[in-house]
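1. structure here, sequence nowhere to be found:
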């Protein structure tokens, strides 16, 4: 019997300014049962340190996803002929408590472990990646990581707090959630408080690729190196929209000049094809600073590109990947 896969609602059936308010206007699913991929929103900004507003990120990413069509004309990926994809809504975080929200996120994703699906997360500030990694490590053990960001997010503390959007990956290392020899950080830049601010992760075994190493070049060759480095083990992709230059993505809480281009962002995500991706997130979209919607639109497209490189996606003219 032929499998009927969920499809985004077509702009020829319903105007794009109407219809479903879900990621890509996919069906909303009350349960993860039967899904291969679940889009999940985490409307969190309690962990931000500068400009707030990422609590509105998931809603606006969904809103700006309405123009995305099912087929990837550049790569030939046909995710909606390959995988059962749905939007399961938002994690009900605690508006007033970051630590309680972190626990709620971990519990939510731990429940998803019972299902053979891959979560793709719409953020929300970068604190959310820690509880997701906590949950995924229960299923997969320590994982490899591709972390694209203007910042390393390896602070020991912020304002005396151990949990915030700038401490995520130090806590992940300390808790044994990451396979440190299979961690890559891309796009870090701007200023620090001391010359060694970016080195903590390197000392743990991370490969650090500062943004200056990315300027004026295609990142396709770099991604080939990263695929070889990460091998066949499980990999999580965490994409902070502030890795991209504010000219392309102004709507974020901690913008830094001299960032990646939107084209390089596409190259990075498309370069993850062939990896054993077990999840991904797109974080730090802050709609109050995104007047034209271009940041949320770029974020929505990067999430779609993540979907296209997941294991099991069919490519036109090729056998299963």
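-> Yep, it's here. Being a predicted model, the structure only gives us computed values, none of them experimental.
2. list the contacts for the residue positioned nearest the centre of the chain?
-> Nearest residue to the geometric centre of the chain (CA atoms, centre = their mean): residue 281, 1.9 Å. Shown in contact with residue 281 (CB atoms under 8 Å, 6 or more residues apart in numbering): 120-124, 128-129, 132, 237-239. No exception for glycine: its C-beta is placed from N, CA and C like everyone else's.
3. neighbouring strands of the host helix or strand of it in the sheet, and parallel or not?
-> For residue 281, the host element (DSSP states H and E) is strand 276-283. With DSSP bridges as the test, strand 276-283 is paired with strand 118-123 (parallel), strand 234-240 (parallel).
4. pLDDT on it, on average?
-> Averaged over strand 276-283, pLDDT sits at 98.
5. what about it, distance to the chain center?
-> For strand 276-283, the gap between its own C-alpha mean and the chain's C-alpha mean amounts to 5 Å (CA atoms, centre = their mean, to the nearest Å).
6. quick check: buried residues in it?
-> Residues 277-283 are the ones in strand 276-283 that count as buried (16 or more other CB atoms under 10 Å).
7. ranges for the strands of the stretch 151-300 of the chain?
-> Remark: strands assigned in the stretch 151-300 of the chain by DSSP state E, counting those that start in this stretch are 178-186, 207-209, 234-240, 276-283.
8. looking at the ones you listed, which is closest to residue 3?
-> Residue 3 sits nearest to strand 276-283 of all these, at 21.5 Å, using CB to CB.
9. turn the buried residues of strand 276-283 into TSV, columns for distance to residue 260.
-> As requested, the buried residues of strand 276-283 are exported to TSV (distance: CB to CB, whole Å):
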residue	distance to residue 260
277	20
278	24
279	22
280	17
281	17
282	14
283	15
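10. of all the strands of the stretch 151-300 of the chain, which lies closest to residue 93?
-> Between residue 93 and the strands of the stretch 151-300 of the chain, the shortest gap by CB to CB is with strand 276-283, which sits at 13.7 Å.
11. nearest residue to residue 130 other than its sequence neighbours?
-> Nearest residue to residue 130, sequence neighbours excluded (CB to CB, 6 or more residues apart in numbering): residue 168, at 4.8 Å.
12. repeat that for residue 69.
-> In space, residue 69 comes closest to residue 8 once its chain neighbours are excluded; the distance is 7.5 Å by CB to CB, 6+ apart.
13. give the contact list for that neighbour.
-> 24-26, 68-70, 80.
14. next: residue 235.
-> Contacts of residue 235 by CB under 8 Å, 6+ apart are 143-146, 182, 272, 275-278.
15. re earlier: which of the contacts of residue 8 lies closest to residue 14?
-> For the contacts of residue 8, the residue nearest residue 14 by CB to CB is residue 25; the value is 7.7 Å.
16. quick one: which of the contacts of residue 235 is nearest residue 114?
-> residue 278 (14.7 Å).
17. what about the closest residue to the closest one other than its chain neighbours, distance to residue 258?
-> Closest residue in space to residue 278, ignoring its immediate chain neighbours: residue 234 at 4.6 Å, by CB to CB, 6+ apart. Distance of residue 234 to residue 258, computed by CB to CB, to the nearest Å: 32 Å.
18. ok, these two, which is more surrounded?
-> residue 234 (21 against 15; other CB atoms under 10 Å).
19. looking at it, that one is touching residue 311, isn't it?
-> No: at 10.4 Å, residue 234 does not count as touching residue 311 under the criterion of CB atoms under 8 Å.
20. so what sits against both of those two?
-> By CB under 8 Å, 6+ apart, residue 234 and residue 311 have these common neighbours: residue 276.
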